[in-house]
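Novice: From the sequence below, what's the structure:
(2 chains)
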Amino acid sequence: MYNLSRRNFVKLTGGLAAVGLTSPLLTGSARAAEGKKRVVIIGGGYGGAIASRYIRMADPNIVVTLIEKEKIYYSCPLSNPVIIKTRDLKVQRWTYENLVKNGVNVQYDEVVEIDPVKKSVTTAKGASFSYDKLVVSPGVDFKWEAIEGYSEKASEKIPHGWKAGTQTLLLQEQLSAMTDGDPYIIVAPPMPFRCPPGPYERAGLVAWYLKQHKPRSKVIILDAKDKFAKQGLFINGWKELGYNVEWVPGNEGGKVTRVDVEGMKVFTEMQEYKSSAINIIPAQKAGKIAHMAGLVDKTGWCPVNQKTYESTIHKDIYVIGDACIATAEIPKSGYAANSQGKIAAAAIVAAFKGQGEPDPSYVNTCYSLLSPDYGISVAAIWTFKDGQVTKVSGGVSPEKASAAFRKQEASYAESWYQSIMAEMFS
Amino acid sequence: MAGPTPSMLSNTCAGCHGPNGVAPGPSIPTIAGMPYNFLKLMMTEFLKDERPSTIMSRVAKGYSDADIDVIAKHFSELKWGVQGGASVKGKSIDPAKAEKGKPLAKECEKCHEEGGKKQDEDTPRIAGQWLEYLLIKMDDYKTNEKYPQPKKMKSQMDKLSVEDLEAVAHYFASQK
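Specialist: Numbering: from 1, shown residues only, chains lettered A, B, ... in the order given. Next comes the predicted model:
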């Protein structure tokens, strides 16, 4: 039976949106929204989804609008096992329905303009949203020009696999189709970039696959850098597991300057490499909208107040996740973005209440797999002390550990993933 | 100095232990609703390297005694729960093993009463905890000499075979 209560009625008319502000029926709901604080969040990943949820949790009276391009979210963390077919891409797939249930107004749209003076954003679909506070969490964009011959179009043939989904599947297909005996070439980017241990996790997992399916092949990492995250653990682990991985650091000519997409060749200053399987992870910068809105400095990333993540360029705009410049070696990781989302949320809610900047707590934990049963981790805790972010503890997994220990960490990697995704999407 | 609020400190744990301390599995434990003293003891032992761990000793060292007190209190006041991780690839409970484990768990239930649901100052709830976590802990208690445990627990661990302990883990995990 349908009960036509006043409440239902207001809700129904409210659903008709801006049919006519002249309609006297709308004044009720318009008045309800009046005086409410509005937060707009750009980007629904590890940073933005968490910020939206935690603002709603702290104060359900705040109107939170999350603007995200894609209806489906594919997690980058744990997508490397998809390439070697030990994991289904479906496990990486999430939707925004539960955020909507939690009261977040999710808009599948792309922000094309931010006006920091009028405090509003405009989208590709022509909608505009006013804000009291704006959270920008756009992730990374690629510096396509850093390697001559590489481009977005080229990434359909030589994938980057640095945004999960179609790109992950392209790498999967390329790996299974590669010629046994060809090297699997990974071109690793210079710092700073999203997920510092990621290229090396990928290298190990691919080597695990090659050992079984293409025993005449090896992995070659052509690196722009001279060192990398969890380096000792990776290099020892590859040896321990009997992998054939060759790492060419930047100071030994590892830096790739050019690619011949048709010929499937990459060039360093000293040598050319040809293969049926090449993965180029390009150099990176803050996501496009951060550049368009002038939120970046000359580094290509966004400077922020380290206590609140408010932009030091534009007031009332907070930049979190990979796009921001986080000090004290806080990495561009999913967990760091999760921490930053919570810190920015708390800072925004406190500002609305007229309170001072709350004291933050920053955590990062990050797991990498060397095989489906071999995991390693890094963890760190930071506090805000004497005006700056200070690392209090942390470190990587022990250099020497039993197989059972590595297996536990592989299991915890899966559990980490389920927990952090549940926080965003369940 | 005020320092971070209890929720600011504790929310950073959620990325691994699940929203509000309720983990979706398969192997990181739910910590919501655990006894305050137990949580405090665990964190302190991790911090002092008295309890072997994979990552927790590195994490615990980031917090002061006062922080640990606040975090333990926060999670002890939350509600124990079970969260279905729809896509979790964890091992599922085998009813036959759980059945086999039931009589073997009799001795355990002298402390872990009510099928593992009971908890007091230093006994955590184990009923309905994630199976893979219980299996990992059984392995630690059984095979790691350095693992701190009460004498009476150690003697029971010594009596039971690995297969028996596996059955006991299935039994406690099956208790909701």
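
Novice: Let me know the helix or strand that the residue in the stretch 251-400 of chain A positioned nearest to chain B is in.
Specialist: Per C-beta to the nearest C-beta, residue A:381 is where the stretch 251-400 of chain A lies closest to chain B, at 2.5 Å. The way it works is simple: take the backbone N, C-alpha and C, and place the C-beta from them, glycine included. Following DSSP states H and E, one finds residue A:381 within strand A:374-385.

Novice: The residue of the stretch 251-400 of chain A closest to chain B contacts residue A:389, correct?
Specialist: No - between residue A:381 and residue A:389 there is no contact under C-beta atoms under 8 Å: 10.9 Å.

Novice: rewinding a little: quick one: whatever helix or strand comes next after the strand holding residue A:381 to strand A:374-385, angle?
Specialist: Remark: after strand A:374-385, the chain's next helix or strand is strand A:388-396, criterion DSSP H and E. Here strand A:388-396 points in a direction 160 degrees away from that of strand A:374-385 (axes from the mean of the first three to the mean of the last three C-alpha atoms, to 10 degrees).

Novice: quick one, the very next helix or strand once past strand A:388-396 and strand A:374-385 angle?
Specialist: Where DSSP H and E defines the elements, the next helix or strand beyond strand A:388-396 is helix A:403-425. Here helix A:403-425 points in a direction 60 degrees away from that of strand A:374-385 (the same axes, to 10 degrees).

Novice: how near is the residue of the stretch 251-400 of chain A closest to chain B to residue A:72?
Specialist: Noted for residue A:381: a distance of 33 Å to residue A:72, by C-beta to C-beta, to the nearest Å.

Novice: that older thread, residues shared between the contacts of residue A:381 and residue A:389?
Specialist: Residues touching both residue A:381 and residue A:389 (C-beta atoms under 8 Å, 6 or more residues apart in numbering or on different chains): residue A:362.

Novice: Which one of the two is surrounded by more residues?
Specialist: Neighbours per residue, other C-beta atoms under 10 Å in any protein chain shown: of residue A:381 and residue A:389, the larger number sits with residue A:381, 23 against 17.

Novice: now the more buried one, nearest residue through space, not along the chain?
Specialist: What sits nearest to residue A:381 in space, not counting adjacent residues and going by C-beta to C-beta, 6 or more residues apart in numbering or on different chains, is residue B:62, at 2.5 Å.

Novice: host element of the one you found?
Specialist: Applying DSSP H and E, one finds residue B:62 in no helix or strand.

Novice: contacting residues for it?
Specialist: A:363, A:380, A:381, A:382, A:383, A:392, A:393, A:394.

Novice: Stretch A:205-221: end-to-end distance?
Specialist: 13 Å (C-alpha to C-alpha, to the nearest Å).

Novice: Not counting it itself, show me its contacts.
Specialist: Under the criterion C-beta under 8 Å, 6+ apart, residues A:80-81, A:83-86, A:175-176, A:178-186, A:188, A:199-200, A:203, A:238, A:241-248, A:254, A:273, A:369-372 lie in contact with stretch A:205-221.

Novice: before we move on, what about stretch A:342-351?
Specialist: Applying C-beta under 8 Å, 6+ apart, the contact partners of stretch A:342-351 are A:39, A:50-51, A:54-55, A:58-59, A:62, A:133, A:135, A:307-310, A:318, A:320, A:356-358, A:360-362, B:5, B:8, B:11-12.
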